[in-house]
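Chemist: Take this sequence and fold it.
(one chain, ligands or ions: 1)
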Amino acid sequence: MDELSAGSLYLVVLGTLALALAFKRVLRGKETGVKLPPGPWNLPIIGSLHHLVGAHLPHRALLRVSRRQGPLMLLRLGEVPAVVVSSPEAAMEFLRTRDPPAAGRATLDIVSFGGKGIVMAPYGEHWRQVRKVCVVELLSTRQAGGEEVSRLVEAIATTSPATASIGMTQTLAALNNDIIARAVPTAGLRYLRVLKVVATLAGSFNMVDLFPSSRLVRWLSCVERRLREHHAQTVRIVDSIIQDRKENEASASPGASAEDDDNDDLLDVLLRLQREDNLTFPITAEIIGALISDIFGAATDTTGSTLEWAMAELMRNPRTMEKAKQEVQNALGQGRAMVTGADIGDLHYLQMVIKETLPRDPRYWKDADEFMPERFEKNGDDIKATTVHMGFIPFGAGRRQCPGALFATTTIQLTPVNLLYHFDWTLINGESPESLDMGEVLGISIHRRSDLRLHAALSVSSGFLRHSDRDS
Ligand code: HEM
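Modeler: Got it, this is the predicted structure:
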């Protein structure tokens with residue numbers, strides 16, 4: 001098996017970093033005076049693209065070239081110079097000490113509202129302000145997911161046993177949308193559907209991104225046209241959501257909004273900031289739209305695929321699954337309807353399972369391909385300090401590190417704990433742990449190539465009544 005095997009969030013990070021850094025943080029040496037790293041030999045027009053041929057996933061091709069060139073290399077992707085960072089140390093060094101100007105991909109410029117949100121905003125006053133809004137107002141104090149995970153458990157528990165084959169890809173993606181959508185409840189399915197198309201189009205390699213100055217390429221590209229159309233739809237949907245919310249607020253009784261401050265969702269917070277007008281620039285409807293899109297985009301794909309890989313790894317490793325289940329059931333006893341964030345602190349093995357879903361670099365981890373949560377036991381208390389140096393930066397580092405890390409961590413722990421506590425999971429269609437497909441495809445992060453379909457039976461510990469019992 002390939003040394004960066006499926007299930008590794010390090011892949012997500014590597015993919016994210018490689019793609020983000022390759023496309024998003026493009027160094028323009030002559031503008032910045034930064035000394036550019038060396039790269040492989042280039043051809044006219046296509047630049048370094050021929051070095052990437054042969055791997056079906058771009059991050060793997062980048063990894064292959066980086067093995068020859070070193071962890072920091074300069075590629076020319078068509079006409080676009082790109083610095084690719086592919087080792088944790090180089091990434092840490094790069095992310096901590098340098099802040100190259102963002103020169104966005106042509107397609108991402110469209111979907112990011114021209115950098116008016118956070119993800120594609122170049123370093124500067126606008127980014128500083130919106131980042132503060134995200135960290136202080138939107139993400140740090142919000143606990144993700146309790147209600148939604150509970151609904152998910154109930155939905156699975158009440159699925160008729162005869163047909164209880166659960167499509168984990170859709171189920172976990174729906175859970176994440178549910179969690180994030182709580183922040184924008186009126187966003188609705190239409191918004192999420194459009195956003196998904198936008199993410200798929202923007203997540204792929206596009207000629208327009210390689211030759212942004214070519215009018216011919218832009219004219220021939222249907223991707224750019226489709227992105228513009230879908231982006232216009234998201235703008236219309238967000239505008240109508242804002243309009244509805246403002247009308248509701250206007251018709252609500254005076255004082256009601258102050259009472260509900262604690263329940264404010266993401267849109268409420270942004271509208272309040274717009275009214276207060278305390279930032280160094282006005283929060284326009286466009287900025288609100290851009291921030292909402294960015295947060296959905298940054299949150300759903302990453303969290304959903306992490307959860308899916310974690311479940312897949314557990315299914316592929318029955319002994320690990322059994323050990324994790326034992327820990328959860330021993331710690332929580334029988335008959336609980338819901339496991340909450342407060343219960344997670346004692347579940348050390350489960351936390352190691354999540355960590356193990358994240359790093360997979362053979363230069364730092366022995367038998368990196370083996371799914372061995374126990375490897376974290378050995379490092380004991382030093383784990384926090386050592387992981388930073390050992391290739392464990394799933395949420396990035398430096399100024400642009402993930403502001404949703406806390407939010408995401410709650411979801412990626414709370415969901416599997418509940419899934420393991422309430423259900424016994426089995427593979428279906430004659431699949432065995434050894435034959436389980438662990439192939440990958442590229443989206444905003446690395447996804448499973450095939451949908452993970454599992455059978456769920458209510459476990460003895462679960463407090464949810466069996467479906468048949470409920471009916472009788
Ligand atoms: C397992 C889940 C997640 C992983 C692995 C992850 C990883 C990352 C990484 C590596 C970056 C830095 C990218 C770069 O340097 O360009 C990032 C940025 C970001 N993430 Fe996350 N993330 C996750 C979940 C979330 C969630 C749940 C949210 C919001 C609710 C979120 C919001 C953001 C935002 C807004 C940024 C851009 C920050 C900036 O540019 O200043 N992420 N994430």
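Chemist: From residue 192, how far out is the spatially closest residue to residue 239 that is not a sequence neighbour?
Modeler: Leaving aside its chain neighbours, residue 239 sits nearest to residue 285 (6.2 Å; criterion: C-beta to C-beta, 6 or more residues apart in numbering). (Glycine included, C-beta is placed from N, CA and C.) The gap separating residue 285 from residue 192 is 20 Å, by C-beta to C-beta, to the nearest Å.
Chemist: So which of those two has more stuff around it?
Modeler: Between residue 285 and residue 192, counted using other C-beta atoms under 10 Å, the more crowded position is residue 192 (19 against 15).
Chemist: which residue packs closest to the more buried one, ignoring adjacent ones?
Modeler: Per C-beta to C-beta, 6+ apart, closest to residue 192 is residue 177, 5.3 Å.
Chemist: helix, strand or coil for the one you found?
Modeler: Of the three states, residue 177 takes helix under DSSP: H, G, I helix; E, B strand; the rest coil.
Chemist: number of nearby residues for it?
Modeler: 21.
Chemist: Report the contact partners of it.
Modeler: When contacts are counted by C-beta atoms under 8 Å, 6 or more residues apart in numbering, residue 177 touches 192, 296, 300.
Chemist: In a helix, the second one, correct?
Modeler: Yes. Assessed with three-state DSSP, residue 296 lies in a helix.
Chemist: That one against residue 193, yeah?
Modeler: No. Between residue 296 and residue 193 there is no contact under C-beta atoms under 8 Å: 11.7 Å.
Chemist: quick one, which of these two is more surrounded?
Modeler: residue 296 (25 against 13).
Chemist: Give me the pLDDT for the more buried one.
Modeler: The model reports residue 296 with a pLDDT of 80.
Chemist: ditto for residue 64
Modeler: pLDDT at residue 64 comes out at 85.
Chemist: wait, isn't it in contact with residue 55?
Modeler: Yes. Using C-beta under 8 Å, residue 64 is in contact with residue 55, at 6.3 Å.
Chemist: Could I get the contacting residues of the closest residue to the ligand within the chain?
Modeler: In the chain, the residue that lies nearest the ligand is residue 404 (2.2 Å; C-beta to the nearest ligand atom). Under the criterion of C-beta under 8 Å, 6+ apart, the neighbours of residue 404 are 134, 139, 295, 298-299.
Chemist: The residue nearest to residue 239 contacts residue 241, doesn't it?
Modeler: No. Here residue 285 does not reach residue 241: they are 10.1 Å apart, not a contact under C-beta under 8 Å.
Chemist: Give the other helices and strands that the helix or strand hosting residue 219 contacts.
Modeler: Following DSSP states H and E, one finds residue 219 within helix 215-220. Under the contact definition 3 or more C-beta pairs under 8 Å, 6 or more residues apart in numbering; DSSP states H and E, helix 215-220 sits against helix 207-210.
Chemist: What's the local residue count around residue 147?
Modeler: What residue 147 shows, counting by other C-beta under 10 Å, is a neighbour count of 11.
Chemist: For it, give me the pLDDT.
Modeler: 78.
Chemist: Which of the three states applies to it?
Modeler: Per three-state DSSP, residue 147 ends up helix.
Chemist: Point out the other helices and strands that the strand or helix carrying residue 447 packs with.
Modeler: Following DSSP H and E, one finds residue 447 within strand 446-448. On a contact count with 3+ C-beta pairs under 8 Å, 6+ apart, strand 446-448 meets helix 9-19, helix 285-316, strand 440-442.
Chemist: And the helix holding residue 219, what's buried?
Modeler: Buried residues in helix 215-220, defined by neighbour count with 16 or more other C-beta atoms under 10 Å: 217-218.
Chemist: so how far is that helix off the chain centroid?
Modeler: 32 Å (C-alpha atoms, centre = their mean, to the nearest Å).
Chemist: Give me the angle between the following helix or strand past that helix and helix 285-316.
Modeler: Counting by DSSP H and E, the next helix or strand C-terminal to helix 215-220 is helix 222-251. In terms of direction (axes from the mean of the first three to the mean of the last three C-alpha atoms, to 10 degrees), helix 222-251 departs from helix 285-316 by 110 degrees.
Chemist: What is the distance between helix 222-251 and the centre of its chain?
Modeler: 23 Å.
Chemist: go on, stretch 293-309?
Modeler: Counting by C-alpha atoms, centre = their mean, stretch 293-309 comes out at 3 Å from the chain centroid.
Chemist: hang on, residue 130 packs against residue 291?
Modeler: Yes. Residue 130 is within contact range of residue 291, at 6.4 Å (criterion: C-beta under 8 Å).
Chemist: what do these two both touch?
Modeler: 117-118.
Chemist: Can you pull the residues of the stretch 51-200 of the chain lying near the ligand?
Modeler: Residues of the stretch 51-200 of the chain lying close to the ligand by C-beta under 6 Å from any ligand atom are 118-119, 131, 134, 139.
Chemist: Including distance to residue 337 and neighbour count, could those go into JSON lines?
Modeler: Shown next, in JSON lines, are these (distance: C-beta to C-beta, whole Å; neighbours: other C-beta atoms under 10 Å):
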{"residue": "118", "distance to residue 337": "37", "neighbour count": "24"}
{"residue": "119", "distance to residue 337": "37", "neighbour count": "22"}
{"residue": "131", "distance to residue 337": "38", "neighbour count": "16"}
{"residue": "134", "distance to residue 337": "33", "neighbour count": "20"}
{"residue": "139", "distance to residue 337": "28", "neighbour count": "21"}
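Chemist: Those: which two are farthest apart?
Modeler: 119 and 139 (13.4 Å; C-beta to C-beta).
Chemist: Near the closest residue to residue 113 other than its chain neighbours, how many residues? Count them for me, please.
Modeler: In space, and not counting its chain neighbours, residue 113 is closest to residue 290: 3.7 Å by C-beta to C-beta, 6+ apart. Residue 290: 26 surrounding residues under other C-beta under 10 Å.
Chemist: Might you report the residue contacts of residue 290?
Modeler: So residue 290 contacts 112-113, 116-118 (C-beta under 8 Å, 6+ apart).
Chemist: now, the most widely separated pair of those?
Modeler: Counting by C-beta to C-beta, the most remote pair of the contacts of residue 290 is 113 and 118, 10.7 Å apart.
Chemist: quick one on the thing from earlier: quick one, which of the residues of the stretch 51-200 of the chain next to the ligand has the minimum pLDDT?
Modeler: Within the set of those, pLDDT is lowest for residue 139 (74).
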